[in-house]
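[1] Next comes the sequence, and after it the predicted model I'd like to discuss.
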Amino acid sequence: MRLTPQSSRSQALLQPGGSASSRATALPGGITITHRTPASATTEEAEAWADVLVRHGLLHSAVLVPTGQWLVQYEPGSPVRVLDGASAVLELAASIQQQLRTPGSRSR
């Protein structure tokens, strides 16, 4: 979810027939919240989330390879998991967030 000032792009998303991969909600004060589905994730968003997950110790490493796939390792010495693109990284981030919010659960 991204907070952005209201723009012509976000206004277009509010109209019927707007983008299927994202939608916007207008708030008072000219603020629009753009909701995006993981399928519309960009490489930049995936890189940002991967960086946050690694910096906070929720992943040991996350590396984008030239094929667009991501190599993810939870802990040093653990098996490497291959993710198919930016949307999979956002889904992983959402899954980790959900686990952190669930009392008593932190397994991967």
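    It's in. All figures in this text were calculated on a predicted structure; none of them were measured in a lab. Numbering: from 1, shown residues only.

[2] Show me which residues of the host helix or strand of residue 87 are buried.
    If you go by DSSP states H and E, residue 87 is part of helix 86-101. By 16 or more other C-beta atoms under 10 Å, the buried positions in helix 86-101 come out as 86-90, 92-93, 96. Where you see a C-beta, it was placed from the backbone N, CA and C, and this is true even at glycine.

[3] quick one: which of those is nearest to residue 40?
    Here the nearest of the buried residues of helix 86-101 to residue 40, counting by C-beta to C-beta, is residue 87; it sits at 7.7 Å.

[4] Relative to residue 46, how far out is the closest one?
    8 Å (C-beta to C-beta, to the nearest Å).

[5] Kindly report the same for residue 100.
    19 Å.

[6] This protein: helices as residue ranges?
    8-14, 43-55, 86-101 (DSSP state H).

[7] Check those for me: which has the lowest mean pLDDT.
    Among the helices of the chain, helix 8-14 has the lowest mean pLDDT, at a mean of 34.

[8] Mind pulling the model confidence for residue 106?
    Reported pLDDT for residue 106: 56.
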